[in-house]
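K.L.:
requesting a structural model of the entry that follows:
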Amino acid sequence: MREYAVLAPLSENRPAKVKDRGIIELVKAGLAAYNAKSDELLLLPEGDRLRRELVSRLKSAMLRGAGVQNVDCGNDAAVFSLAERYVREWGDSATSFSDERGRDLFVLGWSPGKDEAVSRIDAVKRSVLTELPEESGFSFVEEILPEGGTASVLLSLSEAGALGSRPGFVCPGCGRLFLPDSPLGYDVEQPGGAEPEEPLEDIETPGANTIAELCAQLGISVERTLKAMLYIAFDESGRGHPVASFVRGDFNVSMNKLSAWLARDRGLTGLRTANKAELHEMIGEVAGYCGPVRLPDSVVLVCDTSVRGSKNTVVGANRSGYHIKGCCHGRDFDPPIADISQPAQGSPCSCGTRLESAVLRESGRLTLEDGKQIAGKALSYRDRDGVHEYPVEYRGVFSSESIILASHAFREDGR
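P.N.:
Reported below is the predicted structural model:
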């Protein structure tokens, strides 16, 4: 019988019209071909073998480390049916499943509470990372979703135009990755140190309705200012409430993080930017000059962690053309503090290094929505002790294609 060789067409040439270095390296290694017309990655025999081996390792790791049972169902409803059928007899062993669909590996599970769901997600993350090459720089990065959800996103450094690429940030000091809606999880160092607190002083600042113009007029650094961002959020009755959020002048507000805080701590949803007419009606003529001192009680006030401990800052005076000097957090205003800022180019990392813009490749994510059932059902059953419910659902998806691309993206230069 004739023996056939495995098709593995090695090439020294880069495929045309391709920016993704992972695709370039796979094609050159004879693992894949690229169809520019359909923007498809076509896996050749050795590439498909690598992909199947990766998926097999991920399934085994998640079973060993997180109790995730691999099934062949094809959709979420069928996975739920399995869990509902076996949870009474098998308990925790029948509440977390993985299901391969095409080149994606899905994870779907239920837990009796949020803490248990977070623990299971953490176990899945640890299991996945054990099977990924360290040199490719994979890491899970937290991302806040609107109105309370959280996601753990599997990321690696990439380049513009790569499959699954999205903007983000990297710390060149410690290598930590950030998405625009990632929690910072630490306080920034405030200027001023041990200098004495100054008295409040109203000052005229005509035309200084931006941070840049304010700094230019007063000759101060941006770290000495507070920036206001004004929104409207709604209660259960549909009534709108003005929201004033404050960050240090060189930071920006993350609407997702602010929305999550408002939903959790104030029961307000539907966050959107306030227009001038709404601001004038609810607060007054404060656009460009809003500050945390002397705001009406009707305003929902929240400050970012970048404001905590600030001293002798310049803030809006809540009247057009005026600011206040010498404002100190804790003495002149003391609203709730929450992590609501958006990491940005130049933002300080916890290690003290400034963040740099980066392109990140997303290869997977695990999602938890606070107390909500993503599939629309709560898994429940009755045993000797009564009714037991698993109302918190978590889910995930990992792209074997994207993981392989990320693993090969920087092999050419040894990274």
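K.L.:
going forward, measure contacts between C-alpha atoms and count neighbours the same way
P.N.:
OK.
K.L.:
please, where are all the strands along the stretch 301-415 of the chain?
P.N.:
313-316, 322-327, 337-338, 341-342, 356-368, 379-383, 386-390, 392-399 (DSSP state E, counting those that start in this stretch).
K.L.:
just the CA trace of the one helix or strand Ala263 maps to, in PDB.
P.N.:
Assigned by DSSP states H and E, Ala263 belongs to helix 255-265. Taking Å, rounded to 0.1, in the frame of the first residue of the first chain, the C-alpha atoms of helix 255-265 are listed here in PDB:
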ATOM      1  CA  MET A 255     -19.000  54.600  32.200                       C
ATOM      2  CA  ASN A 256     -19.100  50.800  32.700                       C
ATOM      3  CA  LYS A 257     -17.500  51.000  36.100                       C
ATOM      4  CA  LEU A 258     -19.600  54.000  37.100                       C
ATOM      5  CA  SER A 259     -22.700  52.200  35.900                       C
ATOM      6  CA  ALA A 260     -21.800  49.100  37.900                       C
ATOM      7  CA  TRP A 261     -21.400  51.200  41.100                       C
ATOM      8  CA  LEU A 262     -24.700  53.000  40.600                       C
ATOM      9  CA  ALA A 263     -26.600  49.800  40.000                       C
ATOM     10  CA  ARG A 264     -25.000  48.100  43.000                       C
ATOM     11  CA  ASP A 265     -25.000  50.900  45.500                       C
END
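K.L.:
contacts made by that helix with the rest, please.
P.N.:
Around helix 255-265, the neighbours that count as contacts under C-alpha atoms under 8 Å, 6 or more residues apart in numbering are 144-149, 181, 268-271, 338-341.
K.L.:
mind checking which of these are in strands?
P.N.:
144, 269-271, 338, 341 (DSSP state E).
K.L.:
count of residues packed around Ala16?
P.N.:
Burial of Ala16 is recorded as 10 neighbouring residues (other C-alpha atoms under 10 Å).
K.L.:
what residue lies at the spatial centre of the chain?
P.N.:
When C-alpha atoms, centre = their mean is applied to the chain, the residue found nearest the centroid is Glu143 (1.6 Å).
K.L.:
hang on, that one packs against Ala151?
P.N.:
Yes. With contact defined as C-alpha atoms under 8 Å, Glu143 counts as touching Ala151 (5.1 Å).
K.L.:
so the chain: which segments form each domain?
P.N.:
Following automatic domain parsing, one gets these domains for the chain: 21-182+355-408, 201-341.
K.L.:
the first one - what's its average pLDDT?
P.N.:
Per-region confidence: domain 21-182+355-408 scores 90 on mean pLDDT.
K.L.:
quick one: end-to-end distance for that domain.
P.N.:
Domain 21-182+355-408 has an end-to-end distance of 8 Å (criterion: C-alpha to C-alpha, to the nearest Å).
K.L.:
can you check stretch 236-245 too?
P.N.:
21 Å.
K.L.:
what's the answer for stretch 337-357, then?
P.N.:
Rule used - C-alpha to C-alpha; the end-to-end distance of stretch 337-357 is 26 Å.
K.L.:
before we move on, what about stretch 205-219?
P.N.:
12 Å.
K.L.:
what's in contact with it?
P.N.:
For stretch 205-219, contacts defined as C-alpha under 8 Å, 6+ apart pick out 221-222, 225, 227, 249, 287-289, 321-323.
K.L.:
try 10 Å
P.N.:
220-228, 249-250, 286-290, 314-316, 320-324 (C-alpha atoms under 10 Å, 6 or more residues apart in numbering).
K.L.:
among those, name the buried ones.
P.N.:
222-228, 249-250, 286-290, 314-316, 320-324 (16 or more other C-alpha atoms under 10 Å).
K.L.:
which ones are touching Pro242?
P.N.:
230-234, 271, 273-274, 278-279, 282-283, 298-301.
K.L.:
state the distance from it to Glu198.
P.N.:
30 Å.
K.L.:
for Leu154, see how far away the nearest residue in space to Leu366 that is not next to it in sequence is.
P.N.:
Once flanking residues are discounted, Leu366 sits nearest to Gly396: 4.0 Å by C-alpha to C-alpha, 6 or more residues apart in numbering. Distance from Gly396 to Leu154, counting by C-alpha to C-alpha: 10 Å.
K.L.:
any chance of the domains of the chain in JSON lines, plus distance to Ala5?
P.N.:
Shown next, in JSON lines, are the domains of the chain (distance: least, C-alpha to C-alpha, whole Å):
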{"stretch": "domain 21-182+355-408", "distance to Ala5": "11"}
{"stretch": "domain 201-341", "distance to Ala5": "53"}
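K.L.:
what's the first helix or strand after the longest helix seen in the chain?
P.N.:
Secondary structure of the chain per DSSP state H: the longest helix is helix 45-66. Using DSSP H and E, the helix or strand that follows helix 45-66 in sequence is strand 69-71.
K.L.:
in its sheet, what does that following strand sit against?
P.N.:
strand 96-101 (parallel) (DSSP bridges).
K.L.:
from the chain's centroid, how far away is the partner strand?
P.N.:
23 Å (C-alpha atoms, centre = their mean, to the nearest Å).
K.L.:
sorry, back to before: list residues touching both of Glu143 and Ala151?
P.N.:
In contact with both Glu143 and Ala151: 182, 365, 367, using C-alpha under 10 Å, 6+ apart.
K.L.:
dump those residues to TSV, plus neighbour count and distance to Lys125.
P.N.:
Putting the shared contacts of Glu143 and Ala151 into TSV (neighbours: other C-alpha atoms under 10 Å; distance: C-alpha to C-alpha, whole Å) gives the following:
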residue	neighbour count	distance to Lys125
Ser182	25	17
Arg365	22	9
Thr367	24	12
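K.L.:
list just the nearest of the residues you listed to Phe106.
P.N.:
Phe106 lies nearest to Arg365 out of the shared contacts of Glu143 and Ala151, by C-alpha to C-alpha, at 9.7 Å.
K.L.:
now do the contacts for that closest one.
P.N.:
Contact analysis of Arg365 by C-alpha under 10 Å, 6+ apart lists 106-107, 125, 140-143, 151-155, 395-399.
K.L.:
do that again at 7 Å, thanks
P.N.:
Arg365 makes contacts with 151-154, 396-398, as judged by C-alpha atoms under 7 Å, 6 or more residues apart in numbering.
K.L.:
skip the chain neighbours and tell me the closest residue to it.
P.N.:
That would be Val153: by C-alpha to C-alpha, 6+ apart, it lies 4.3 Å from Arg365.
K.L.:
I'd assumed Leu184 was in a strand, is it?
P.N.:
No. Counting by DSSP: H, G, I helix; E, B strand; the rest coil, one finds Leu184 to be coil, located in no strand.
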